[in-house]
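Chemist: requesting a structural model of the entry that follows:
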Amino acid sequence: MRVIPMIVLVLSACPRTALAQQSFYIIRHFFSDDASAWNDKVLEVTQSADDVRVRFMQISLAHHECGALLVQAVERVLPHTRVSKVAGTNMCARTEREVAGALGASNENEVLTEASSQHMHVQCDSGVREFDFPYDSRLDQKKLARSYPQVAALQNAMYHVRDAAFGRSFWFQPDAQQVAREQLGLSMVPELTSGKYDTALGAGLIERLKQYTIPPTDRGPRRPRLLEAAALHVTNYEAPAYPAIARSARIQGDVRLRLIVDSITGAVTGVDVLSGPSIIDRSALEAAKSWRFDPLFLAGPVEVTVRFSLDC
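Modeler: Numbers count the residues shown, from 1 in each chain. Below is the predicted model of the structure:
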């Protein structure tokens, strides 16, 4: 899948005589025609006495087929250095007009199916600066780097900091450190929802983060479930398959079945669909034919519900 970034960067109004930068954060949002591929990355760099603290967070889906959020984070203190050195450029030396002009001169028209946006907020000695870098896939990157190297350095600041703090190969991929990243991410949720990042993260995501109290334990989508399984004393249950076309279309819901259960064997001898989305009811019907119940507790007709859910 080809990712096309769109970038939004924030740097506040500082005169050229006040070039020192105290801190900055970058929020990079990836989106795609594949709705499950989105993620938001938040990079925050702050000066702490003679050291620089780097925090790097990612908000994404726990699984591409279900909607539960997953927040991961890493943190590192870089000793005896300055924010501008870690960033690879002095962001307070740029102006909004300079950046806008460079982007306009480097613009290309390209149809986007995937894109990313980036927002950067920089605290300078005299205030805050903000810049927008929309749709960097529509920029002639070679021209931008050649003619406007300082602006190109702003665009690439997230990667420069990542390399300096965590190594060029680091990314939020499953590995032995993921549990630790998830616990640190959980501890940073109050900061993510504090209001600091609301403009860039968006109200909808902020509200979802406010409900984030623990990393999801089940990372895959749920299998279709027989809701009355315990009460009806099921002795053999084969979960219905979730049709791929239904997953792709994100169709979910309850299928109501009427079963005829043999009074001697407990086997299902007849199945009728009473209600439910037609794209998934056939799967529930076919699976029900293999179910068995304890005949001491169940015999004859019974109505049951199979729930198809894309939740994690």
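
Chemist: any stretches of the stretch 1-150 of the chain with poor pLDDT?
Modeler: 1-19, 35, 65-66, 109-112 (pLDDT under 70).

Chemist: all helices of it, in order?
Modeler: Here the stretch 1-150 of the chain has its helices, by DSSP state H, counting those that start in this stretch, at 83-87, 96-105, 141-147, 149-155.

Chemist: can I get the ones you listed in TSV including mean neighbour count and distance to residue 62?
Modeler: Every residue, glycine included, has its C-beta placed from N, CA and C. Shown next, in TSV, are the helices of the stretch 1-150 of the chain (neighbours: other Cβ atoms under 10 Å; distance: least, Cβ to Cβ, whole Å):
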stretch	mean neighbour count	distance to residue 62
helix 83-87	20	31
helix 96-105	16	35
helix 141-147	14	33
helix 149-155	20	30
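
Chemist: in JSON lines, list those along with distance to residue 254.
Modeler: Below are the helices of the stretch 1-150 of the chain laid out as JSON lines (distance: least, Cβ to Cβ, whole Å):
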{"stretch": "helix 83-87", "distance to residue 254": "52"}
{"stretch": "helix 96-105", "distance to residue 254": "50"}
{"stretch": "helix 141-147", "distance to residue 254": "50"}
{"stretch": "helix 149-155", "distance to residue 254": "48"}
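
Chemist: for residue 186, find the nearest of the ones you listed.
Modeler: helix 83-87 (25.6 Å; Cβ to Cβ).

Chemist: against which helices or strands is the closest one packed?
Modeler: Contacting helix 83-87 under the criterion 3 or more Cβ pairs under 8 Å, 6 or more residues apart in numbering; DSSP states H and E are the following elements: strand 21-32, strand 39-48, strand 51-63, helix 157-166.

Chemist: helices and strands around the first one, which ones?
Modeler: Strand 21-32 makes packing contacts with strand 7-12, strand 39-48, helix 83-87, strand 114-124, helix 157-166, helix 198-201 when contacts are defined by 3+ Cβ pairs under 8 Å, 6+ apart.

Chemist: CSV please, covering the ones you listed and showing distance to residue 188.
Modeler: Listed next are those as CSV, based on distance: least, Cβ to Cβ, whole Å:
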stretch, distance to residue 188
strand 7-12, 20
strand 39-48, 9
helix 83-87, 19
strand 114-124, 17
helix 157-166, 16
helix 198-201, 13
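
Chemist: residue 157 - nearest residue in space that isn't next to it in sequence?
Modeler: Counting by Cβ to Cβ, 6 or more residues apart in numbering, residue 157 lies nearest to residue 87, which is 5.2 Å off, once chain neighbours are set aside.

Chemist: and the helices of the stretch 1-150 of the chain: which comes nearest residue 61?
Modeler: helix 149-155 (26.1 Å).

Chemist: hmm, who's touching that closest one?
Modeler: 7, 9, 11, 88-89, 91, 93-94, 98-99, 102-103, 118, 120, 131, 133, 136, 141, 144-145, 160 (Cβ atoms under 8 Å, 6 or more residues apart in numbering).

Chemist: identify the residue nearest residue 292 in space, chain neighbours excluded?
Modeler: Residue nearest to residue 292 in three dimensions, not counting chain neighbours: residue 236, with 4.0 Å by Cβ to Cβ, 6+ apart.

Chemist: my read: the one you found touches residue 287, true?
Modeler: No: using Cβ atoms under 8 Å, residue 236 is not in contact with residue 287; the gap is 11.0 Å.

Chemist: same drill for these two, tell me which one is more crowded.
Modeler: residue 287 (20 against 11; other Cβ atoms under 10 Å).

Chemist: contacts only, for the more buried one.
Modeler: For residue 287, counting by Cβ under 8 Å, 6+ apart, the contacting residues are 224, 238, 239, 240, 241, 306.

Chemist: would it count as being in a strand?
Modeler: No: under DSSP: H, G, I helix; E, B strand; the rest coil, residue 287 sits outside any strand and is assigned helix.

Chemist: per-residue pLDDT of it, please?
Modeler: If you check residue 287, the pLDDT there is 95.

Chemist: for the one 5 residues further on, same thing?
Modeler: Predicted confidence (pLDDT) at residue 292: the value is 93.

Chemist: residues touching it, list them.
Modeler: Contacts of residue 292 (Cβ under 8 Å, 6+ apart): 234, 235, 236, 265, 266, 267, 268.

Chemist: try 7 Å this time
Modeler: 235, 236, 266, 267 (Cβ atoms under 7 Å, 6 or more residues apart in numbering).
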